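Colleague: Provided below are the primary sequence and the corresponding predicted coordinates.
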Amino acid sequence: MIHARGGSGRGWRDGQVIIAPDKFKGSLTAAQVAEHLAAGLRRVRPELPVVSVPVADGGDGTVDAMVAAGFAGLQTAVTGPVGNRVVASLAMRGETAIIELAEASGLRRLPDRPTPVTARTATSTGTGELMRTAVSRGARRVVLGLGGSACTDGGAGMLTALGARLLDADGAPLPPGGVALQRLERIDLADLLRVPVTVASDVDNPLLGERGAAQVYAPQKGADADDVVQLERGLARFAEIARRDLGVDLSDRPGAGAAGGVGFAAIAFLGARSEPGIELILRQLDFTDRLQGARLVITGEGCLDRQTLHGKAPMGVAKAAAAAGIPVLAVAGQRLLTRDMLRRFGFEDAYALTDIEPDPQRCIDNAGPLLEQLAVRIAETRLGELLSRNA
């Protein structure tokens, strides 16, 4: 059964301040971060026009951010990464569906912590089921966010849910998981449901090798040394059969190793295009239009570190704001980059919860109230100057 979750509608209004944060992982959703920042600003400036636009980069929290921005949310039961049933969400607007792999096939969907068994057998089947659900609800285009996956199955489960058959030498369907791919002999795509897919991912790992899906990411999913070897062999066999039967050779393609090889399946079998996650999500949010009339943008995420500078959500927001000539502030739980470095990348300034509370665990536990305190500090010390600059 599918249940609709309400959104706020597409409408927005011009405002002096746009609040466009990503989630603070382990503490607050992007929408909650925006809510607390707005509350803190309004303690000092009750009349301040504020527009909240929660964002994401294609990983965990993408669907929540899209629903908060006005997409319709849908929930449906799908196959979890180890065969367990889970209730997963997707977002839709018109004929576009936003699907987050982590919702159906993510590490957070495991019943317990990852183990060697789950590393060998975890499947992306639920992600394919979400895609099929979206098509049944009228989607003609899917934006697939990759990140946080529990599986290293090369996207085999996703393809199976979409109607493909992955068969062994006896013509029997393979069981779930990446290790089973070692026995792959034939791929039958006669009943494959083909839907235009755009992959939102910042991972540039290839499918195979030292930087590939198994060797880099499988240990984070519970795999031991022997599992990594077997998963690598399974992915190599998958790539070999795809090359033999379909003339497709994408194992070295940057991004093919994303989400345990789901990137490979999306590109090779569904003809997916891959784009930087935050740029794709900002376009879906009509972010450039929302910047019209703004005088300041506040963005952020749980930790500002070197990864932030390589395509994470705050960097994408900062680039978009800079293109519109609007100053940008960053907020975070922790700031592991100097203010000078952040300024070189387009941020006016950066604030962290640890500026107020040095204990990181207390910051996690009390992120909401601390964010409001931080916003009060911003309103009292920088807001007037920054707003007047673009008056």
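Modeller: Looks like it arrived, so ask away. Since we're looking at a predicted model, the values are computed, not measured. Numbering: from 1, shown residues only.

Colleague: For the rest of this, base every contact and every neighbour count on C-alpha atoms.
Modeller: Will do.

Colleague: any low-confidence regions in this protein?
Modeller: Along the chain, segments meeting pLDDT under 70 span 1-15, 390-391.

Colleague: which residues does the most centrally placed residue in it contact?
Modeller: In the chain, the centroid-proximal residue (Cα atoms, centre = their mean) is G59; its distance is 1.5 Å. Applying Cα atoms under 8 Å, 6 or more residues apart in numbering to G59 gives the contacts 100-102, 145-148, 201.

Colleague: Among those residues, which pair sits farthest apart?
Modeller: Using Cα to Cα, the contacts of G59 span at most 12.5 Å, a distance reached by A102 and S201.

Colleague: thinking again about what came up before, in a helix, the residue nearest to the centre of the chain, correct?
Modeller: No - according to DSSP: H, G, I helix; E, B strand; the rest coil, G59 belongs to no helix; its state is coil.

Colleague: Can you give me the neighbour number for the nearest residue to it once chain neighbours are set aside?
Modeller: Spatially, and ignoring its direct neighbours in sequence, G59 is nearest to G147 (4.6 Å; Cα to Cα, 6 or more residues apart in numbering). Applying other Cα atoms under 10 Å, we find 25 residues neighbouring G147.

Colleague: Likewise for the one 10 residues further on?
Modeller: Applying the criterion other Cα under 10 Å, we find 32 residues in the vicinity of G157.

Colleague: if I read this right, A88 contacts G106, doesn't it?
Modeller: No - if you go by Cα atoms under 8 Å, A88 and G106 don't touch, sitting 10.5 Å apart.

Colleague: quick one on the thing from earlier: now rank the contacts of G59 by neighbours and give me the top one.
Modeller: Going by other Cα under 10 Å, L101 tops the contacts of G59 with 33 neighbours.

Colleague: Quick check: the gap between it and A239.
Modeller: 21 Å (Cα to Cα, to the nearest Å).

Colleague: ok, now L353?
Modeller: Look at L353 and A239: by Cα to Cα, they are 46 Å apart.

Colleague: Same check on G138?
Modeller: Counting by Cα to Cα, the gap from G138 to A239 is 32 Å.

Colleague: Next, the residue nearest to G59: secondary structure please.
Modeller: coil.

Colleague: can I assume it is in contact with S201?
Modeller: Yes - contact status for G147 versus S201: in contact at 7.4 Å, counting by Cα under 8 Å.

Colleague: can you list residues touching both of those two?
Modeller: 58-59, 258.

Colleague: To what extent is S27 buried, counted in neighbours?
Modeller: For S27, the neighbour count with other Cα under 10 Å is 17.

Colleague: for the one 4 residues further on, same thing?
Modeller: As a burial measure, the neighbour count of A31 was computed by other Cα under 10 Å and equals 24.

Colleague: Is it located within a strand, as I assumed?
Modeller: No - using three-state DSSP, the assignment for A31 is helix, not a strand.

Colleague: leaving aside the residues next to it on the chain, what's closest to it?
Modeller: Closest to A31 by Cα to Cα, 6+ apart is P54, at 5.3 Å.

Colleague: One more: R165?
Modeller: D188 (4.9 Å).

Colleague: circling back to that earlier point, rebuild the contacts of G59 as a markdown table, extending it with distance to P111.
Modeller: Formatted as a markdown table, the contacts of G59 follow (distance: Cα to Cα, whole Å):
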| residue | distance to P111 |
| --- | --- |
| E100 | 19 |
| L101 | 17 |
| A102 | 14 |
| G145 | 22 |
| L146 | 20 |
| G147 | 18 |
| G148 | 15 |
| S201 | 26 |
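
Colleague: with those in mind, which one is nearest to A225?
Modeller: Taking the contacts of G59 together and measuring to A225 by Cα to Cα, the closest member is G148, at 20.7 Å.

Colleague: The closest one against L107, yeah?
Modeller: Yes - G148 is within contact range of L107, at 6.1 Å (criterion: Cα under 8 Å).

Colleague: What are the boundaries of the helices in the stretch 151-300 of the chain?
Modeller: 156-161, 225-246, 262-270, 277-284, 287-290 (DSSP state H, counting those that start in this stretch).

Colleague: Which stretch among those approaches A119 most closely?
Modeller: Closest among these, once you apply Cα to Cα, is helix 225-246, at 7.5 Å.

Colleague: just the angle between that closest one and helix 262-270, please?
Modeller: With axes from the mean of the first three to the mean of the last three Cα atoms, to 10 degrees defining the directions, helix 225-246 sits at 10 degrees from helix 262-270.

Colleague: can you count the residues close to V86?
Modeller: V86 is flanked by 19 other residues according to other Cα under 10 Å.

Colleague: quick one: contacts for it?
Modeller: 77-80, 104, 109.

Colleague: wait, is it part of a helix?
Modeller: No - under three-state DSSP, V86 falls outside any helix and is assigned strand.

Colleague: any idea how far it is from G177?
Modeller: 18 Å.

Colleague: Tell me the spacing between the residue of the chain most remote from its centre and G277.
Modeller: Relative to the mean C-alpha coordinate of the chain, counting by Cα atoms, centre = their mean, the farthest residue is D170 (38.3 Å). D170 sits 40 Å away from G277, taking Cα to Cα as the criterion.

Colleague: do L146 as well
Modeller: 9 Å.

Colleague: what sits in contact with each of those two?
Modeller: 58, 199-201.

Colleague: Tell me the most packed of those residues, by neighbour count.
Modeller: G58 (32 neighbours).

Colleague: contacting residues around the closest residue to that residue other than its chain neighbours?
Modeller: Nearest non-adjacent residue to G58, counting by Cα to Cα, 6+ apart: G145, 4.1 Å away. Taking Cα under 8 Å, 6+ apart, we find G145 in contact with 57-59, 62, 98-101, 199-201, 277.
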